[in-house]
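A.B. asks: Could you work out the structure for the sequence below:
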Amino acid sequence: MVPVKAIDSEHMRGNFSSHAGDYDRYASVQKRVVELLYRKLSTFEKNPGVCLDVGTGTGALAAELLNADPGQPLVLMDIAHGMTREAASRLPAVSACDGDARTLPFANGIFATVVSSSVYQWVDCLPSAFNEVARVLKPGGVFALALFGEKTLCELRASHRRAVFENNGSRNSHVQSFPTLNEVSTALSFAGLFCRDLLSTMEVEYHDDVPDLLRQLKQIGASNAATDRPRGLASRRVMQSMMTMYEREYRCDAGVPASYEVIIAIAEKSQM
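C.D. replies: The predicted model follows:
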């Protein structure tokens, strides 16, 4: 059984849409995730036909696909209209639309490939969402995705939870939690998608200080979208305590680290 986490999709949509113009300037880790996914996908034989990019953002992954094959038929989709608009402006020759990964707005069996980078960690029920991918894929179609896993922002999450607990006894956190490798694998299997490759790798980014990390996360719209997130801003006392703990526990010669677990999967729909 894969646990379901309740995500406030309107909150998430608003966050990313309003920060679409700043996204490329600050999303350095997400750019590396695109490179990792594209590199992994390129080791597999190309699946001819139309490709869907779910949660295209500003179109970075789609641009990589088009650079390799300018004739690749592509459909771009994002839940945040601001992102869809940015991607369509960047890649005017391809089709683009708004859409939700949980209920893909397409007919059955029309795509040869579905790709997605840094999206499905924001989806509340992975088995259901991956079932939607299987539905729109042709038999033998390929699903290539990268998403952030449970170890993502572990330093920030641990520091914040400890600060919240020490200041008011609560264990709730403003920091988003992400799926495990096993949850991703199980959800793909549940949807009838056979994993041809599944891996987890760590990316670490260094910042001058904790406020610099928090500003970067805010600029790309990556805030906690769980429906059970604490309402309102964390108190100044909690935030100061969190930053002090983060600096004390994790600072190194390179700066303040922020770790990201990147889960990459290449899966295939049965030919039957």
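
A.B. asks: ok, which stretches of the stretch 1-150 of the chain are strands?
C.D. replies: Along the stretch 1-150 of the chain, the stretches classed as strands by DSSP state E, counting those that start in this stretch are 51-54, 74-78, 95-98, 111-117, 137-148.

A.B. asks: and the ones you listed as JSON lines, adding mean neighbour count?
C.D. replies: C-betas here are computed from N, CA, C, even on glycine. Compiled in JSON lines, these are given as follows (neighbours: other CB atoms under 10 Å):
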{"stretch": "strand 51-54", "mean neighbour count": "27"}
{"stretch": "strand 74-78", "mean neighbour count": "25"}
{"stretch": "strand 95-98", "mean neighbour count": "16"}
{"stretch": "strand 111-117", "mean neighbour count": "25"}
{"stretch": "strand 137-148", "mean neighbour count": "23"}
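
A.B. asks: wait, which of the ones you listed is closest to D124?
C.D. replies: Closest approach to D124 among the strands of the stretch 1-150 of the chain is made by strand 137-148 (13.2 Å; CB to CB).

A.B. asks: Mind giving me the packing neighbours of the closest one?
C.D. replies: In this structure, strand 137-148 packs against helix 28-41, strand 111-117, helix 126-136, strand 256-269, with contacts taken as 3 or more CB pairs under 8 Å, 6 or more residues apart in numbering; DSSP states H and E.

A.B. asks: Which neighbours in the sheet does the second one have, and how are they oriented?
C.D. replies: I take that to be strand 111-117. Partners of strand 111-117 in the sheet, by DSSP bridges, are strand 51-54 (parallel), strand 137-148 (parallel).

A.B. asks: And the average pLDDT for it is what?
C.D. replies: For strand 111-117, mean pLDDT rounds to 98.

A.B. asks: Quick test: name the residue nearest the centre of this structure.
C.D. replies: Closest residue to the average C-alpha location of the chain: S118 at 2.3 Å, with CA atoms, centre = their mean.

A.B. asks: quick one: contacts for E203?
C.D. replies: Counting by CB atoms under 8 Å, 6 or more residues apart in numbering, E203 makes contact with 29, 32-33, 259-260, 262.

A.B. asks: hmm, back to that, what's the closest of the strands of the stretch 1-150 of the chain to S270?
C.D. replies: strand 137-148 (6.5 Å).

A.B. asks: What does V50 show for phi and psi?
C.D. replies: Here is the backbone geometry of V50 (degrees, to the nearest 10): phi -80, psi 140.

A.B. asks: Same question for C195.
C.D. replies: In terms of degrees, to the nearest 10, the main-chain angles of C195 are phi -80, psi 120.

A.B. asks: close enough to count as contact, it and K269?
C.D. replies: No. In this structure, C195 is not within contact of K269 by CB atoms under 8 Å, at 11.7 Å.
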